[in-house]
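1. Quick one: sequence plus predicted model below, questions after.
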Amino acid sequence: MTIIAGNVVQIDAEDGRLWWAQNGAKRTRLSLYAAQGVHIERVDTEVYVARDAVPVWYSPDWREASVYLQPAEDDELHVVWLNSHCGFDVIPQAAEKHAAWSYGGPKNSASKLAILAPPCYVQIHTYKHSSPRKHAAVTLDGAVRWLGTRSEVVAAHFRGDVEATRLAEFQGWLSELITGQLEVQDEL
């Protein structure tokens, strides 16, 4: 099974191209395609499921990076994350199996396409990598859970949220709280 998340995709595209991004005519072209016979179901605003499909990475050079969803019976869970605004980071970094960026365009934009191995967290960038960054968790059962900004994650930790606690530990935010190094920032 493959989870697709991060951006809206065109599940009824006749040519099989579900999503694409390119930040300028001479920038890397990023694409997500589905082979004939791959059925994709929308489960949330920016979350889709392709059952009995595996992602295949294709990047012959810096000008193109694509993921092709191919029909296959596979028990492994795969995640394809998309972003056409300012990109994202993956926590832990080892969960990012393949990735490509397309930099440039208006307002310093950057698009990104990646294949991830859950469980992991996605830290979504905003304009010029400034705060607040938004976070999402991808669990071992394929659930995509939007956790919010850093302050929302720390607040959820104090309410006993396991995913928020794991992310805060990965990021070192809890040790910053203990040592008094956590700086309160206006994230609006």
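-> Yep, that arrived.
2. beta partners of the residue nearest the centre of the chain?
-> With distances taken as C-alpha atoms, centre = their mean, residue 81 lies nearest the centre of the chain, 3.5 Å away. Using DSSP bridges, the bridge partners assigned to residue 81 are residue 5, residue 114.
3. Likewise for residue 102?
-> residue 111.
4. so what's it up against?
-> Residue 102 makes contact with 21, 22, 23, 24, 27, 28, 29, 30, 110, 111, 112, according to C-beta atoms under 8 Å, 6 or more residues apart in numbering. All C-beta spots, glycine's among them, are computed from the backbone N, C-alpha and C.
5. how about stretch 97-104: buried residues?
-> 98, 99, 100, 101, 102, 104 (16 or more other C-beta atoms under 10 Å).
6. Report the secondary structure state of the third one.
-> With DSSP: H, G, I helix; E, B strand; the rest coil as the basis, the three-state label of residue 100 is strand.
7. Let's see the pLDDT reported for it.
-> With respect to pLDDT, residue 100 scores 92.
8. same thing with the last one?
-> Model confidence at residue 104, given as pLDDT, is 77.
9. Equivalent analysis for residue 164, please.
-> We have a pLDDT of 94 for residue 164.
10. and it, that one's in a strand?
-> No. Counting by three-state DSSP, residue 164 is not part of a strand but helix.
11. Look up which helix or strand residue 141 falls in, please.
-> Residue 141 is part of no helix or strand, with elements assigned from DSSP states H and E.
12. Give me the nearest residue to it, chain neighbours excluded.
-> residue 77 (7.8 Å; C-beta to C-beta, 6 or more residues apart in numbering).
13. can you count the residues close to the one you found?
-> Applying other C-beta atoms under 10 Å, we find 17 residues neighbouring residue 77.
14. So what does it have for phi and psi?
-> Main-chain torsions, residue 77, degrees, to the nearest 10: phi -90, psi 130.
15. got a list of what residue 17 touches?
-> For residue 17, the contacting residues are 10, 31, 32, 33, by C-beta under 8 Å, 6+ apart.
16. And the second one, how far from residue 99?
-> By that I understand residue 31. Noted for residue 31: a distance of 14 Å to residue 99, by C-beta to C-beta, to the nearest Å.
17. Then the first one?
-> In this view, residue 10 and residue 99 are 22 Å apart by C-beta to C-beta.
18. and if you look at the third one?
-> In this structure, residue 32 lies at 13 Å from residue 99, with C-beta to C-beta as the measure.
19. Now the common contact residues for those two.
-> residue 113.
20. so where do the strands sit in the chain?
-> 2-5, 17-21, 29-34, 40-44, 47-50, 53-61, 64-71, 78-83, 88-91, 96-103, 110-116, 120-124, 134-138, 144-148 (DSSP state E).
21. So which other helices or strands are in contact with the first one?
-> In this case it means strand 2-5. Counting contacts by 3 or more C-beta pairs under 8 Å, 6 or more residues apart in numbering; DSSP states H and E, strand 2-5 packs against strand 47-50, strand 53-61, strand 78-83, strand 134-138.
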